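>>> Quick one, what's the 3D model for this:
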Amino acid sequence: MSERNITFSAQETDKKGSGSALPVLAGVVLCLLTLALWRTLELQGQTNLDNLIRTEEDFLASHIEADLRSRLPAIRRLARSLENSRGLLRDEFAGEAEALMGDSPGLQALEMIGRDYIVRWIVPAGGNEQAMNLDLSFEKNRLEAATRALATGKPALTRPVDLVQGGKGLLVFFPVSPGGKPEGCLVAVFRIRDWLDYVFSIRDPREQQNGFLISVSFGPELVYQQPGWDDLAAHDNSFVSRATFLDSILEIRVRPTTDFIRKNVSLLPGLLAVSGFLFSLLAAFIISLYRKSRSDAIRANEARWTLEAEICRRKKIERELQQSLDRMELATRAAEMGLWTWDIGSGRLEWNERMYRLMGMPPGSETTLQTWLDLIHPDDLERTEVLVRKAVRGTADFDARFRIIRPDGSVRTIMSAAKVERDADGKAVFMTGLNRDVTDSILSEEALKKSEERVLLLLNSTGEAIYGIDLDGNCTFANPACARMLGSPTAEALLGKNMHRLIHHSFPDGKPMSPEECRIYQAFRGGRPAHVEDEVLWRLDGSSFPVEYWSYPQIANGEVAGAVVTFIDITERKKTEERIRHMATHDGLTDLPTLQLSRDRLAMALGSSRRNRTLTAVLFLDLDGFKTVNDTWGHDAGDLVLREVARRLRSAVRETDTVARIGGDEFLLIITDLQPSVTGEEKAEIAEIAGKTVRLVAQPYVVGDSEAAIGASVGIALYPGDGESADSLIKQADEAMYEVKKHGKNGFAFAGQADADRDPAAEC
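From the prediction side, this is the model:
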């Protein structure tokens with residue numbers, strides 16, 4: 001049978017199946033239509049009831065306002081009479097008030113109060129004795145209304161108050177102002193229940209008066225409610241009618257009684273719902289009978305349609321199975337996998353061509369389970385057999401790796417996975433699997449692992465710090481030496497961190513270093529290595545140390561993937577270099593600058609003097625009698641004396657000045673930043689320094705158990721008067737020193753004026 005016919009049969013079956021639900025569907029549709037009509041009528045009835053309630057509430061509100069409009073003008077006229085007569089007599093007031101109250105049911109009393117809020121008159125007096133002379137300021141509500149009426153000149157209403165005679169009431173204050181000056185208020189006292197009972201009792205008898213109960217609120221406060229209100233269920237409507245009383249609002253609500261609802265709500269929706277439901281059941285029953293007669297005819301063809309569909313399905317499965325086998329064969333060839341099937345009952349194995357090559361056997365050779373077991377390496381045989389038995393029992397999956405020994409003696413490693421097929425009783429029948437030779441992959445993995453181990457050993461054993469970064473500057477690896485030098489607890493703690501921001505963010509002077517200035521990044525930005533030894537790295541604790549580093553580009557798949565950085569701590573090297581530089585420019589015995597360094601400092605001092613227009617003095621000092629110390633106590637004693645002389649000379653000058661040893665017992669002093677003076681005061685300042693120097697040198701020196709005495713001859717030259725260069729000034733100072741030597745030693749003299757400027761005190 002063609003696929004088109006089978007498809008047609010399946011469609012007929014679907015129609016039959018869907019038709020069996022038609023009676024139920026028809027009944028449900030009719031029920032839904034009935035419910036929709038019932039709901040429409042129900043909502044219409046509810047709307048009519050809401051309209052009746054709303055009409056009743058509006059009528060009551062308008063009735064209250066009409067009653068107030070008829071009452072308040074009369075009371076206001078009485079207040080105007082009090083103003084015009086400049087105060088009625090008590091009897092006249094009582095007479096007009098009683099006449100007014102007779103026409104105003106619910107008005108309990110009329111009172112006259114003064115500006116002191118004391119009740120002066122009250123009508124009627126009988127029954128209201130407690131209110132006479134009452135101070136209405138005793139209660140905030142009354143006081144506020146009275147004060148507002150006197151201040152505005154307009155009537156003012158209180159909120160509901162407790163009346164002195166009992167019950168709830170409302171007080172209306174009408175200001176009385178004879179001649180425009182407030183003198184007091186006329187107070188109308190309404191007892192709320194009496195007033196509203198009267199208002200609601202005079203409704204039109206044609207209205208549905210007995211069908212509602214009434215509730216009245218003054219703002220949030222309930223002031224009136226008819227008996228039985230709480231026994232009625234609250235009607236679901238949001239209407240509230242309001243009546244205006246002066247500037248206040250009364251809210252009126254009504255609830256329909258049960259009798260009213262029964263008389264005004266139609267029974268039609270209920271009757272319609274019952275009849276519609278019964279009609280739905282009848283229609284469903286009729287359709288069901290019709291469908292049953294039709295389904296008998298369809299059922300006769302059902303077996304034929306099912307058989308044809310099953311034949312078509314089996315053919316399709318066979319085609320799909322053959323396609324799957326073909327694809328599997330192609331996949332196993334492409335992946336060089338061996339395919340095998342084991343007939344568990346007979347023990348026979350079936351191999352594909354690739355399986356024979358994997359096992360090193362001639363194609364077409366007879367194979368059994370024992371053939372396969374004989375090829376397995378003895379060390380792996382027991383483990384593999386146990387796994388096969390577990391797979392057959394269903395307690396484990398067969399997924400194993402084992403070695404085989406081919407007939408030619410070669411050893412290969414095989415990765416094998418298999419699936420067990422079972423019959424309807426759960427008994428294992430066939431086991432089908434795939435084998436793949438993974439020998440080369442294992443050898444490659446082992447070689448890679450050994451290579452990684454050698455690299456790791458090299459990184460961990462070297463004393464140099466090494467780390468790698470990617471193109472974003474984030475750390476990809478680091479060795480223990482790197483973590484140790486940077487103060488990190490472990491090398492792993494550095495992984496993923498941006499190394500520039502972490503350890504290379506600033507120059508040695510603390511100035512921030514941007515990534516664009518970073519020479520480490522040069523390795524992968526420019527593709528060339530960098531070697532730097534004038535920068536610092538920063539430890540994690542914030543301290544820095546000088547380093548020498550090399551940054552090399554890291555190449556992966558022919559592209560730059562980052563950089564590898566190697567660095568060493570050169571702190572000791574820097575210290576050694578500094579010591580060497582110091583030794584080259586300082587005297588080894590006294591640690592004073594040598595002649596070369598003193599010349600450099602003198603040249604710098606002269607440059608500063610030229611710019612700042614200051615003076616610089618050069619003092620050339622030669623010790624007197626020092627040879628006697630060496631001859632008497634030896635050279636060790638002479639060295640001791642020279643060191644002490646150096647100490648004394650340093651104490652005689654400022655820290656910004658220079659003391660240098662330029663010969664065996666010759667010293668040079670450079671005094672800078674001297675201010676010039678037209679009176680020659682600068683020479684006096686220099687003379688004081690020179691005299692202090694001569695006196696300090698002349699003090700005794702302790703040598704063993706004895707004392708040695710030496711002196712100093714000092715020559716002085718001034719810039720710019722005595723010379724323009726360092727050599728000329730030193731020469732002038734040297735010549736002045738020799739003049740001092742000629743004239744008795746142990747003194748000082750200025751260049752060109754040796755006799756005149758010798759210090760007599762220094763010769764003592």
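>>> switch to C-alpha atoms for all contacts and neighbour counts from now on
OK.
>>> Is Phe277 in contact with Val29, as I believe?
No - with contact defined as CA atoms under 8 Å, Phe277 does not count as touching Val29 (10.7 Å).
>>> Pick out whichever of those two has more residues nearby.
Phe277 (18 against 13; other CA atoms under 10 Å).
>>> what's the burial count for the residue nearest to that one when sequence neighbours are not counted?
With CA to CA, 6 or more residues apart in numbering as the criterion, Phe277 has its nearest non-adjacent residue at 5.9 Å, and that residue is Cys31. Under the neighbour criterion other CA under 10 Å, Cys31 is assigned a count of 19.
>>> Quick check: the gap between Cys31 and Leu25.
Relative to Leu25, Cys31 is positioned 10 Å away (CA to CA, to the nearest Å).
>>> before we move on, back to that, mutual contacts of Phe277 and Val29, please.
Taking CA atoms under 8 Å, 6 or more residues apart in numbering as the contact criterion, no residue touches both Phe277 and Val29.
>>> related to what we said a few turns ago, need the three-state assignment for the residue nearest to Phe277.
At Cys31, secondary structure determined by DSSP: H, G, I helix; E, B strand; the rest coil is helix.
>>> Can you name the residues that contact it?
Shown in contact with Cys31 (CA under 8 Å, 6+ apart): 276-277, 280.
>>> do the same with Gly167
Counting by CA under 8 Å, 6+ apart, Gly167 touches Arg191.
>>> mind running it again at 6 Å?
Contacts for Gly167 (CA atoms under 6 Å, 6 or more residues apart in numbering) come out as none.
>>> While we're on it, how confident is the model there?
Per-residue pLDDT puts Gly167 at 84.
>>> Next up, the contacts around Asp197.
So Asp197 contacts nothing (CA under 6 Å, 6+ apart).
>>> Measure how far the helix or strand hosting it is from the centre of its chain, please.
Asp197 belongs to helix 192-201 when assigned by DSSP states H and E. Offset of helix 192-201 from its chain centre (CA atoms, centre = their mean, to the nearest Å): 67 Å.
>>> one step back: would you turn the contacts of Cys31 into a markdown table with pLDDT?
Below are the contacts of Cys31 laid out as a markdown table (pLDDT from 0 to 100):
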| residue | pLDDT |
| --- | --- |
| Gly276 | 70 |
| Phe277 | 71 |
| Ser280 | 72 |
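>>> Go through those residues and name the one nearest Val697.
Using CA to CA, Phe277 comes nearest to Val697 of the contacts of Cys31, at 134.9 Å.
>>> Name the SS class of that closest one, please.
Phe277 ends up helix, using three-state DSSP.
>>> ok, it to Ala284 distance?
11 Å.
>>> what do you get for Leu25?
8 Å.
>>> quick one, which of these two is more surrounded?
Ala284 (19 against 13).
>>> Report the contact partners of that one.
Ala284 neighbours (CA under 6 Å, 6+ apart): 23, 27.
>>> In which helix or strand does it reside?
helix 268-334.
>>> swap in Glu385?
Per DSSP H and E: Glu385 is located in helix 378-393.
>>> Following element in sequence after that helix, please.
strand 398-405.
>>> Just give me how far that next one sits from the chain centre.
On the basis of CA atoms, centre = their mean, strand 398-405 sits 53 Å off its chain's mean C-alpha point.
>>> could you point out which element follows it?
strand 411-422.
>>> Counting neighbours, what do you get for Met112?
Using other CA under 10 Å, Met112 has 24 neighbouring residues.
>>> Wait, a strand at it?
Yes - counting by three-state DSSP, Met112 is located in a strand.
>>> Look up how far Ser444 lies from it.
Distance from Met112 to Ser444, by CA to CA: 118 Å.
>>> List the contacts of Asn557.
Contacts for Asn557 (CA under 6 Å, 6+ apart) come out as none.
>>> so where's the stretch 451-600 of the chain shaky on pLDDT?
Applying pLDDT under 70 to the stretch 451-600 of the chain flags residues 451-463.
>>> residue boundaries of the helices in it?
Counting by DSSP state H, counting those that start in this stretch, the stretch 451-600 of the chain has helices at residues 480-486, 499-503, 522-525, 571-585, 595-612.
>>> now these as JSON lines including distance to Arg539 and mean neighbour count?
Below are the helices of the stretch 451-600 of the chain laid out as JSON lines (distance: least, CA to CA, whole Å; neighbours: other CA atoms under 10 Å):
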{"stretch": "helix 480-486", "distance to Arg539": "5", "mean neighbour count": "21"}
{"stretch": "helix 499-503", "distance to Arg539": "6", "mean neighbour count": "18"}
{"stretch": "helix 522-525", "distance to Arg539": "22", "mean neighbour count": "20"}
{"stretch": "helix 571-585", "distance to Arg539": "14", "mean neighbour count": "13"}
{"stretch": "helix 595-612", "distance to Arg539": "36", "mean neighbour count": "17"}
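>>> Turn those helices into a markdown table, columns for distance to Lys263.
Below are those laid out as a markdown table (distance: least, CA to CA, whole Å):
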| stretch | distance to Lys263 |
| --- | --- |
| helix 480-486 | 96 |
| helix 499-503 | 89 |
| helix 522-525 | 96 |
| helix 571-585 | 109 |
| helix 595-612 | 119 |
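>>> Which one of these lies nearest to Ala717?
helix 595-612 (12.3 Å).
>>> In contact with the residue nearest to the spatial centre of the chain, which residues?
The centroid of the chain falls nearest to Lys497 when counting by CA atoms, centre = their mean (20.2 Å). Residues near Lys497 by CA under 6 Å, 6+ apart: 474-475.
>>> any idea how far Phe477 is from it?
Lys497 is 10 Å from Phe477, by CA to CA.
>>> do the same with Pro155
For Pro155 relative to Phe477 (CA to CA), the value is 92 Å.
>>> quick one: low-confidence parts of the stretch 251-400 of the chain?
Judged by pLDDT under 70, the stretches of the stretch 251-400 of the chain that qualify are 265-268, 270, 272-273, 290, 293-294, 296-297, 300, 303, 318, 321-336.
>>> scratch that, the stretch 51-200 of the chain is what I was asking about
Scanning the stretch 51-200 of the chain for pLDDT under 70 picks out the ranges 85-93.
>>> So which residues of the stretch 51-200 of the chain form strands?
Taking DSSP state E, counting those that start in this stretch to define them, one finds strands in the stretch 51-200 of the chain at 107-114, 119-123, 156-157, 161-162, 168-176, 184-191.
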